[in-house]
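A.B. asks: Model the structure of this input:
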Amino acid sequence: MKTIFSPESVSQSSNSAAVATTERFVKKGTAKKSTSAQLIEPVSERYPAMEKQEVFLRFVAPEAKKVEVAGTFNGWRPEYTPLQHGHEGEWTVRLMLPSGQYEYRFVVDGHWVDDPEAAPQVANPFGGFNSVVKVDLDVTTEFL
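C.D. replies: I've put the predicted structure just below:
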């Protein structure tokens, strides 16, 4: 948990308003009456829609020695997200991503390639296309 601010750093005239404001964001039942620093609950508890969703990417390359994925979710750094080699030349990776739209490309033995299984694509600045994966909100999430 992170401290938003310390009420001691607020002037005496606005101290009670600052504490009251802070207490609204503190998890129910945990607000303290003291003027010590107040903590807020994690973002995922306040905004459940920001929880990460499980996404699997798959690439079939029986002759490949190394398959990675680079995209907007990892700063376009393929070395951050290697795929695991499975049966019959199948490579897979499990990602945990917040809801949103992400562009990506596979890197197979050092060569950037399209995802043949991805229907949505967008043009990239290098004259090719990036694949797109859309991560929807978890429909089982209850809103506050």
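A.B. asks: all contacts plus neighbour counts: C-alpha atoms, from now on.
C.D. replies: Noted.
A.B. asks: pLDDT averaged over stretch 90-105 - what is it?
C.D. replies: Mean pLDDT, stretch 90-105: 95.
A.B. asks: Same check on stretch 125-142?
C.D. replies: 81.
A.B. asks: Buried ones in that stretch, by neighbour count?
C.D. replies: Residues 129-133, 135, 137-138 are the ones in stretch 125-142 that count as buried (16 or more other Cα atoms under 10 Å).
A.B. asks: Which parts of the protein belong to which domain?
C.D. replies: For the chain, automatic domain parsing gives the domain ranges 7-41, 49-135.
A.B. asks: Mean pLDDT lowest where, among those?
C.D. replies: domain 7-41 (a mean of 44).
A.B. asks: And for the nearest residue to Asn74 once chain neighbours are set aside, the neighbour number?
C.D. replies: Leaving aside its chain neighbours, Asn74 sits nearest to Tyr80 (6.8 Å; criterion: Cα to Cα, 6 or more residues apart in numbering). Applying other Cα atoms under 10 Å, we find 12 residues neighbouring Tyr80.
A.B. asks: Assess the claim that Tyr80 and Phe73 are in contact.
C.D. replies: No. Checked against Cα atoms under 8 Å, the pair Tyr80 and Phe73 is beyond contact range at 10.1 Å.
A.B. asks: State the phi and psi torsions of the residue nearest to Asn74.
C.D. replies: With angles defined as degrees, to the nearest 10, Tyr80 sits at phi -80, psi -20.
A.B. asks: Look up how far Gln53 lies from it.
C.D. replies: Tyr80 sits 19 Å away from Gln53, taking Cα to Cα, to the nearest Å as the criterion.
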